[in-house]
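# how would this look folded up:
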Amino acid sequence: MRVVTLKSPGGLDHLNVTDQATAGEPGPGEMRVRIHASSLNFHDYGVVSGKMPTADGRIPMSDGAGVVEAVGDGVEEFSVGDHVVSTFFPTWLDGPARVGNFATTPGDGVDGYAREQVIRPTHYFTHAPRGFSHAEAATLTTAGLTAWRALVVDAGLKAGDTILTLGTGGVSIFALQFARLMGARVIATSSSDEKLERLKVLGAEHTINYKSVPDWGTRVKELTDGQGVDQVIEVGGPGTLPESIEAVRIGGHISLIGVLTGRAGDIPTARMMAKQARLQGLIVGSRTHQQEMVRALEASDMRPVIDRSFSLEDIADAFRHEESGAHFGKICLEF
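Below you'll find the model as predicted:
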């Protein structure tokens, strides 16, 4: 089978595609999955670029979707032929957050899904939504579930709420789609007028070019009759958080998801206190959260937005495309 490994200390030129022995037969409680797709995330880029060091020879990619080829003794939840999708935290099955690092995350602390076959315990996967392609399913593990948990699990999104999304990466677009699916309004930002038009097509009620309107937090308040939004999907970190605090309503919710603008910076804590808003950090979600998201997707006609797919051999080019920032939605590997 084809496998991608990352040679230490990382870097896109250190991604190697090799042939390895097939995965063999699953043991009790395990299943063998033929992986057909993965999707790129900022976390994956951090690993393969060497910015988030991992073990020499690590198989990257946290997202994997494919078909069950064989099951071991005692497996009842899955059958041969089932379409499945991986989980980001395989040991966090349900309940409140239990993991605060990436030691168990595929593609980082353990080997991931840039390979054609894998044998894993069944709780490493859930069923994929019926009717989804493998590439569509592969976008759910990290980006899809992060948006779902932020909006629905942590902040209790309801019809009529207004949310603010930042940029056009996978999490932000999923958040827009989930919000519209559940009857919420969306204000979206981007630095590209062309991308802003595409956000409108997806259902954004208002859009803001944050380069031409640097004080976009004030503009969001104007668009909400001076009240601010109920939720902010904050993917930027310290460089955007001050404007997000300005944009959120009194008693609102800010989901701190990304650190695209850096890992540290000055935060207007007095303004945050005056807003009496909740700032919630989060990293993806549990297996139960993923199963709930899959049920919601099966009850709708929503489909992930995929920018472009690459072959497994072109994984480095896929990451270069992500690095360029030209994408709109998810970038996938299909193999």
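
# Which residues are in contact with the closest residue to Arg2 other than its chain neighbours?
Nearest non-adjacent residue to Arg2, counting by CB to CB, 6 or more residues apart in numbering: Glu116, 5.2 Å away. No exception for glycine: its C-beta is placed from N, CA and C like everyone else's. Residues near Glu116 by CB atoms under 8 Å, 6 or more residues apart in numbering: Met1, Arg2, Val3, Arg34, Ile35, Leu312, Phe335.

# between those, which is closest to Phe78?
Comparing those against Phe78 with CB to CB places Arg34 closest, at 13.0 Å.

# Wait, a strand at that closest one?
Yes - under DSSP: H, G, I helix; E, B strand; the rest coil, Arg34 sits within a strand.

# what stretches of the protein score poorly on pLDDT?
Scanning the chain for pLDDT under 70 picks out nothing.

# Quick one: the helices in it, in order.
Assigned by DSSP state H, the helices in the chain fall at 42-48, 134-138, 145-148, 170-181, 193-202, 216-223, 241-247, 269-275, 287-298, 315-324.

# Just the C-alphas of the third one, formatted as CSV.
As requested, the backbone C-alpha atoms of helix 145-148 are provided in CSV (Å, rounded to 0.1, in the frame of the first residue of the first chain):
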residue,chain,number,x,y,z
LEU,A,145,-16.7,19.1,14.0
THR,A,146,-14.9,22.2,15.3
ALA,A,147,-17.6,24.4,13.8
TRP,A,148,-20.4,22.1,15.0
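
# which residues are in contact with that helix?
The contact list for helix 145-148 (CB under 8 Å, 6+ apart) reads 88, 171-172, 174-175, 178, 233, 257, 282-285, 289-290, 292-293, 296.

# Find the nearest non-adjacent residue to the residue nearest in space to the middle of the chain, please.
Residue closest to the mean C-alpha point of the chain, counted by CA atoms, centre = their mean, is Ala143 at 1.2 Å. Once flanking residues are discounted, Ala143 sits nearest to Gly170: 3.3 Å by CB to CB, 6+ apart.

# so the one you found makes contact with Thr139?
Yes - taking CB atoms under 8 Å as the definition, Gly170 is a contact partner of Thr139 at 6.5 Å.

# Any chance you could list residues touching both of those two?
When contacts are counted by CB under 8 Å, 6+ apart, Gly170 and Thr139 are jointly contacted by Ser39, Lys330.

# Number of residues surrounding Ala128?
Ala128 has 24 neighbouring residues, counting by other CB atoms under 10 Å.

# which residues sit in contact with the residue sitting furthest away from the middle of the chain?
Distance from the C-alpha centroid of the chain, by CA atoms, centre = their mean, peaks at Asp73 (32.6 Å). With contact taken as CB under 8 Å, 6+ apart, Asp73 is in contact with Gly27, Pro28, Gly29.

# Could you measure from it over to Gly237?
Distance of Asp73 to Gly237, given as CB to CB, to the nearest Å: 47 Å.

# What of Lys158?
Separation of Lys158 from Gly237 (CB to CB): 27 Å.

# Have a look at these two and say which one is more surrounded.
Set side by side, Lys158 and Gly237 show more neighbours around Gly237, with 19 against 12, by other CB under 10 Å.

# wait, what's in contact with the closest residue to that one other than its chain neighbours?
Nearest residue to Gly237 in three dimensions, chain neighbours excluded: Val259, at 3.8 Å (CB to CB, 6+ apart). Neighbour list for Val259: Gly236, Gly237, Pro238 [criterion: CB under 8 Å, 6+ apart].

# The spatially closest residue to Ala316 that is not a sequence neighbour: what's it in contact with?
Closest residue in space to Ala316, ignoring its immediate chain neighbours: Leu12 at 4.4 Å, by CB to CB, 6+ apart. Residues in contact with Leu12 (CB under 8 Å, 6+ apart) are Val48, Ser49, Ala316, Phe319, Arg320.
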